[in-house]
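**Q** Requesting a structural model of the entry that follows:
(one chain, ligands or ions: 1)
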Amino acid sequence: RILILDFGSQYTQLIARRVREIGVYCEIYPWDVEPRAITDFAAKGIILAGGPESVTLADSPRAPQLVFELGVPVLGICYGMQTMAEQLGGKVQGSDKQEFGYARVDVVGKSDFLAGIEDHIDDDGVFSLDVWMSHGDKVIELPPAFHILASTPSCPIAAMGDETRHFYGVQFHPEVTHTKQGLRILKRFIHELCGCEALWTPANIVEDAIANVRAQVGDAKVLLGLSGGVDSSVVAALLHQAIGDQLTCVFVDNGLLRLHEGEQVMAMFAENMGVKVIRVNVEDKFLSRLLGVTDPEEKRKIIGRTFIEVFDEEATKLQGIKYLAQGTIYPDVIESAGAKTGKAHVIKSHHNVGGLPDDMQFELVEPLRELFKDEVRKIGLELGLPYDMVYRHPFPGPGLGVRILAEVRKDYADILRRADYIFIEELRKADLYQKVSQAFAVFLPVKSVGVVGDGRRYEWVIALRAVETIDFMTARWAHLPYDFLETVSNRIINEITGVSRVTYDISSKPPATIEWE
Ligand code: XMP
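**A** Reported below is the predicted structural model:
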């Protein structure tokens, strides 16, 4: 396994995902972690990641000196390279000038690290690589025993290495896809120089996770809140394989789900897989509490609180439950660790289940705690969940509650459910569903005039929203074909009584958000 030390860069998680893609387990630790934790992790190689600060400043972060004394290969990327240079006796020059974007670096000299990896060979036999740079500072003096391995006119030491200790530094970013040979460079480091085999595969992950769950819970009973979303579904499938009937799932139908969603969850888990699922139909409870409430944050609070109350009631009815299972994934763990130490640049995240009451005396089972979303999806497939379920768009915890831009009423929800269903169905038919990151309909409490045949209609408006995004922090509205939008709009207006107009949302995030509320 590989240890990645984080200096606060947004790319650190991407490095970790690449290492895992290569088939090797890795974890991210903050740069100032206890040295003991580093020794205990027993990595076969260490990657020092990037960071926003400048090593030329006295109080900027440094790698624990121990990293260079463990006798394992070390790769410094960007800031990681600079701090490595500085700590081992080289020199870094500060600069306010940023080099940002594409660069072509010449591979200089021979090394175990870059030998035979190139994008171009010019007439003089010089090998070069297309890479992606993003830095201001640069290394201007090599530490003793290091050689230059790559250079550009503006950054003469673009890569450096000490072949004896297998310490390497790259100023460019091998983890981004714009660095065309990036994956090969990382593979070279991880497989060949660190000697890690590609054992981190979906089948092995599932096998390990099952063994761990069994070891943790023994013959105790486990409760899981199943929402039908990817994470909780994968947890359900995994726990079912690991502990069978010791697992009970509670599926709360709050009346704010998509069309047929409750039936689908029951069909898949209870009927097909034989998982014990208790479906609690509490539409009335949710709707009565939401009566007259229009403020979005207020709606979110009511929905969250009511969910916890219902879940708590069900849990109390069940006897002898010791564990509560949750679909926490690795980015949540990293972000909350960062939030605790106040170091990582914390990114806002939404959670489906706000904290459960303290008096619920459960221990936690979190079998996805070490996994990234793409790994969760892969093991979902490995566990036999259908592709369409595992690659579903995200759906917010408060559900249709925040897509009805008014008081939440059943008749509004019913109209919205049907419109949303038509939109998604057509996206799938047109092979566009996987091309957008999230798509849904929104109910607008606005009456608009229309004509159908000879009749005049004065009815509601539906807005359609589809976005493309990588991280849901920024998003672009999806440029869906006009013909496609026409089909969807016609179907919604013709098939749903109560809708006389359909609009398409062409706002990006920022300044708009993905949801309307
Ligand atoms: P926004 O609207 O903030 O949405 O651009 C970003 C992503 O978060 C989802 N979202 C939520 N998820 N509870 C959730 O579980 C919420 O209250 C919530 N609000 C927004 C949204 O669907 C999008 O994927």
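**Q** So R417 sits against L259, correct?
**A** Yes: between R417 and L259 there is a contact at 4.4 Å, judged by C-beta atoms under 8 Å. Quick note: C-beta positions are derived from backbone N, CA and C, even for glycine.
**Q** Which one's more surrounded, these two?
**A** Neighbour tally, R417 and L259, criterion other C-beta atoms under 10 Å: the higher count belongs to R417, 22 against 17.
**Q** elements contacting the helix or strand where the more buried one lies?
**A** Here R417, judged by DSSP states H and E, is contained in helix 410-429. The contact analysis (3 or more C-beta pairs under 8 Å, 6 or more residues apart in numbering; DSSP states H and E) places helix 410-429 against strand 438-452, strand 455-468, helix 482-495, strand 499-504.
**Q** in this structure, which helix or strand is least confident?
**A** helix 330-341 (a mean of 71; mean pLDDT, DSSP states H and E).
**Q** returning to that earlier point: out of the helices and strands packed on helix 410-429, which comes closest to the ligand?
**A** The closest of those to the ligand is strand 438-452. By C-beta to the nearest ligand atom, the value is 5.3 Å.
**Q** how about that closest one: buried residues?
**A** Across strand 438-452, burial judged by 16 or more other C-beta atoms under 10 Å covers 438-444.
**Q** For the residue nearest the centre of the chain, give its distance to D332.
**A** Nearest residue to the geometric centre of the chain (C-alpha atoms, centre = their mean): K373, 4.8 Å. Separation of K373 from D332 (C-beta to C-beta, to the nearest Å): 10 Å.
**Q** Please apply the same query to F443.
**A** Distance from F443 to D332, by C-beta to C-beta: 30 Å.
**Q** Check I38 too.
**A** Distance from I38 to D332, by C-beta to C-beta: 23 Å.
**Q** cool, and L480?
**A** Remark: distance between L480 and D332 (C-beta to C-beta) = 31 Å.
**Q** Could you see whether the ligand lies near stretch 493-505?
**A** No: shown here: stretch 493-505 not in contact with the ligand (C-beta under 6 Å from any ligand atom), separated by at least 11.8 Å.
**Q** Can you give me the first-to-last residue distance of that stretch?
**A** 17 Å (C-alpha to C-alpha, to the nearest Å).
**Q** pLDDT on that stretch, on average?
**A** In this model, stretch 493-505 has an average pLDDT of 96.
**Q** Can you give me the buried ones in stretch 95-111?
**A** 99, 103, 105-108, 111.
**Q** how long is that stretch end to end?
**A** 29 Å.
**Q** can you give me how far that stretch is from the chain middle?
**A** Taking C-alpha atoms, centre = their mean, to the nearest Å, the mean C-alpha location of stretch 95-111 is offset from the chain mean by 30 Å.
**Q** when you scan the lengthiest helix in the chain, is anything in it near the ligand?
**A** Once the chain is assigned using DSSP state H, the helix that runs over the most residues is helix 296-317. Yes: Helix 296-317 is in contact with the ligand by C-beta under 6 Å from any ligand atom, via R300.
**Q** still on that earlier bit, hmm, who's touching the helix holding R417?
**A** 255-256, 258-260, 283, 287, 400, 403-404, 406, 433, 436, 439-443, 445, 460, 462, 464, 466, 484, 487-488, 491-492, 495-496, 498-499, 502 (C-beta atoms under 8 Å, 6 or more residues apart in numbering).
**Q** list the buried ones in it?
**A** Neighbour counts over helix 410-429 (16+ other C-beta under 10 Å) mark 412-424, 426-427 as buried.
**Q** okay if I get the buried residues of stretch 95-111 as JSON lines plus secondary structure?
**A** Shown next, in JSON lines, are the buried residues of stretch 95-111 (DSSP: H, G, I helix; E, B strand; the rest coil):
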{"residue": "E99", "secondary structure": "strand"}
{"residue": "A103", "secondary structure": "strand"}
{"residue": "V105", "secondary structure": "strand"}
{"residue": "D106", "secondary structure": "strand"}
{"residue": "V107", "secondary structure": "strand"}
{"residue": "V108", "secondary structure": "coil"}
{"residue": "S111", "secondary structure": "coil"}
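**Q** Just send the residues you listed back as CSV, with pLDDT and distance to Q246 too.
**A** Shown next, in CSV, are these (pLDDT from 0 to 100; distance: C-beta to C-beta, whole Å):
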residue, pLDDT, distance to Q246
E99, 82, 56
A103, 93, 55
V105, 95, 56
D106, 95, 60
V107, 95, 56
V108, 92, 60
S111, 93, 53
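**Q** Dump the residues you listed into CSV; add distance to the ligand as well.
**A** Conversion of the buried residues of stretch 95-111 to CSV gives the following (distance: C-beta to the nearest ligand atom, whole Å):
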residue, distance to the ligand
E99, 32
A103, 33
V105, 37
D106, 43
V107, 42
V108, 45
S111, 44
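**Q** right, and the pair among the residues you listed with maximum separation?
**A** By the measure C-beta to C-beta, E99 and S111 form the most distant pair in the buried residues of stretch 95-111, at 22.7 Å.
**Q** roughly how far apart are the residue lying farthest from the centre of the chain and the ligand?
**A** Ranked by distance from the centre of the chain (C-alpha atoms, centre = their mean), the top residue is D454, with 51.0 Å. Per C-beta to the nearest ligand atom, to the nearest Å, D454 is found 41 Å from the ligand.
**Q** OK, contacts around that residue?
**A** No contacts exist for D454 under C-beta under 8 Å, 6+ apart.
**Q** Stretch 173-180: which residues count as buried?
**A** So stretch 173-180, judged by 16+ other C-beta under 10 Å, has buried residues 173-175, 179.
**Q** Let me fix that, I meant to ask about stretch 313-325.
**A** In stretch 313-325, counting by 16+ other C-beta under 10 Å, buried: 314-315, 321-325.
**Q** Sort out for me which of those residues are in helices.
**A** 314-315.
**Q** The stretch 101-250 of the chain: strands as residue ranges?
**A** For the stretch 101-250 of the chain, the strands defined by DSSP state E, counting those that start in this stretch occupy 120-121, 127-135, 138-141, 147-151, 159-162, 167-170, 221-225, 247-253.
**Q** what's the second one packed up against?
**A** If I follow you right, that is strand 127-135. strand 99-107, strand 120-121.
**Q** go on, the first one?
**A** For strand 120-121, the packing partners by 3+ C-beta pairs under 8 Å, 6+ apart come out as strand 127-135.
**Q** quick one, the strand it packs on and strand 99-107 angle?
**A** 150 degrees (axes from the mean of the first three to the mean of the last three C-alpha atoms, to 10 degrees).
**Q** Just the CA trace of strand 127-135, in CSV.
**A** Extracted C-alpha coordinates of strand 127-135, given in CSV (Å, rounded to 0.1, in the frame of the first residue of the first chain):
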residue,chain,number,x,y,z
PHE,A,127,12.2,12.5,-25.7
SER,A,128,9.4,14.8,-24.4
LEU,A,129,6.2,14.6,-22.5
ASP,A,130,2.9,16.6,-22.7
VAL,A,131,2.1,17.6,-19.1
TRP,A,132,-0.1,19.8,-17.1
MET,A,133,1.6,22.3,-14.8
SER,A,134,0.1,24.5,-12.1
HIS,A,135,2.7,26.2,-9.9
